[in-house]
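Engineer: Here is a sequence with its predicted model. Questions after.
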Amino acid sequence: PNPGQGNLQPTPTKTMAELASTDYAGKLGSDTAPLIMIEYSDFQCPYCRRYDVATHGAIVDKYVKAGKLQILYKDFPLSFHPMATPYANAARCAGEQEKFWEMHDKIFDEQQKIDPSGGTVTTVTADNIKQWAQDLGLDTAKFNTCFDASKYQSSINATFAEGTANGVSGTPSFILGKRDAKGQLIVGAQPTATFEAAIDSLLN
């Protein structure tokens, strides 16, 4: 399920701008940033959590805040992670109240608290997620209605299909490139330095 490194990856079929124009769950950074990185991720995937804990913040601080990179988060829930789709719905429902990234961070943080060793967490329930929404100060009635209806199921299915069509098979996977060009696929929770090297080479 998590492809090993070094195997040849199919090249994404669309330009970064085309991929950025379709449905996404969350966005960070300027629409005029020269580079775009699309993250296809699964909220229950321990490797996605590792990337979020170890690397995401560093990339945001160094490149997104400097106006050099825009990040789009797209859902890619793997079939063997039963909570991945409920989490994805929860984050999008929080996004209706301008708190996608807060819920994104909360989902990973709470799993990390349950299993600091980095394994797959299977003990979280829908009630836990509703409590997190309350913790974040969301309008819980609105959130619960959205969440219970799995309101974003078709959007989540669409980004999964898009990722598959562009060579994504495991999570996390990233497509990084210049806005007007096709991107390169980076697979797995690579070290921060791997992302920095790829970004720097595109900026130079």
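Structural biologist: Done, it's in.

Engineer: pull the longest helix from this protein.
Structural biologist: Selection of the longest helix in the chain by residue count, based on DSSP state H, yields helix 100-114.

Engineer: So what touches it?
Structural biologist: Contacting residues not belonging to helix 100-114 are listed as 25-26, 28, 43-44, 48-49, 52-53, 73, 87, 90-95, 118, 121, 123-124, 128-129, 132-133, 135-136 [C-beta atoms under 8 Å, 6 or more residues apart in numbering]. To be clear about C-beta, it is placed using only N, CA and C from the backbone, and glycine gets the same treatment.

Engineer: So which residues make contact with the helix or strand hosting Phe160?
Structural biologist: Using DSSP states H and E, the element containing Phe160 is helix 153-165. Applying C-beta under 8 Å, 6+ apart, the external contacts of helix 153-165 come out as 13, 19, 22-25, 40, 74-77, 85, 88-89, 92, 173.

Engineer: from those, which would you call buried?
Structural biologist: Neighbour-count burial (16 or more other C-beta atoms under 10 Å) is assigned, among the contacts of helix 153-165, to 19, 24-25, 40, 74-77, 85, 88-89, 92, 173.

Engineer: Narrow those to those in helices?
Structural biologist: Going by DSSP H, the helices hold Leu19, Thr85, Ala88, Asn89, Arg92 from the buried ones among the contacts of helix 153-165.

Engineer: right, and the last one touches Ala149 too?
Structural biologist: Looking back up the chat, that one is Arg92. No. Arg92 is not in contact with Ala149 according to C-beta atoms under 8 Å; the separation is 11.6 Å.

Engineer: The buried ones among the contacts of helix 153-165 into TSV, with extra columns for pLDDT and distance to Trp101?
Structural biologist: Listed next are those as TSV, based on pLDDT from 0 to 100; distance: C-beta to C-beta, whole Å:
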residue	pLDDT	distance to Trp101
Leu19	93	20
Tyr24	96	12
Ala25	97	10
Tyr40	97	17
Lys74	98	14
Asp75	98	14
Phe76	97	18
Pro77	97	18
Thr85	98	19
Ala88	98	14
Asn89	98	16
Arg92	98	12
Ser173	96	20
